[in-house]
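1. sequence first, predicted coordinates after that:
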Amino acid sequence: INNLDKKSWPRRDDAEFRILAEKWRDAPDTAHREQLFKSSGVRYSVLLELPYWRPTRYGVIDTMHNLFLG
């Protein structure tokens, strides 16, 4: 991560995020996936299959970093 200025980050809605994630998922090879990720910063997650999942609102915090490392 080189850009830590939140004001310069592009705002996305859930529909746009899902479209970008599906493009990443359906990419024909790893090189194309890397190119898509570099341009959008989005990867596919199985959580996107949940109809109520709001990727631009929810974030997953893993237990190790949250509880054990503080």
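-> Received it, and whenever you're ready, just let me know what you need.
2. in the protein, what residue spans correspond to helices?
-> Listed in chain order, the helices of the chain (DSSP state H) span 14-25, 30-40, 63.
3. and the second one with helix 14-25, angle?
-> Between the axis of helix 30-40 and that of helix 14-25 there is an angle of 150 degrees, by axes from the mean of the first three to the mean of the last three Cα atoms, to 10 degrees.
4. who are the packing partners of helix 30-40?
-> Contacts defined by 3 or more Cβ pairs under 8 Å, 6 or more residues apart in numbering; DSSP states H and E place helix 30-40 against helix 14-25. (Each C-beta comes from the backbone N, C-alpha and C, glycine too.)
5. now the helix it packs on: how far from the chain's centre is it?
-> Centroid separation for helix 14-25 versus its chain: 9 Å, with Cα atoms, centre = their mean, to the nearest Å.
6. send the alpha carbons of it over as CSV?
-> Taking C-alpha atoms only, helix 14-25 is exported to CSV below (Å, rounded to 0.1, in the frame of the first residue of the first chain):
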residue,chain,number,x,y,z
ASP,A,14,-21.6,-2.6,-3.7
ALA,A,15,-22.7,-3.3,-7.3
GLU,A,16,-19.4,-1.9,-8.8
PHE,A,17,-17.4,-3.8,-6.2
ARG,A,18,-19.1,-7.1,-7.2
ILE,A,19,-18.6,-6.5,-10.9
LEU,A,20,-14.9,-5.9,-10.3
ALA,A,21,-14.6,-9.0,-8.1
GLU,A,22,-16.4,-11.2,-10.7
LYS,A,23,-14.0,-9.9,-13.4
TRP,A,24,-11.1,-11.0,-11.1
ARG,A,25,-12.7,-14.4,-10.5
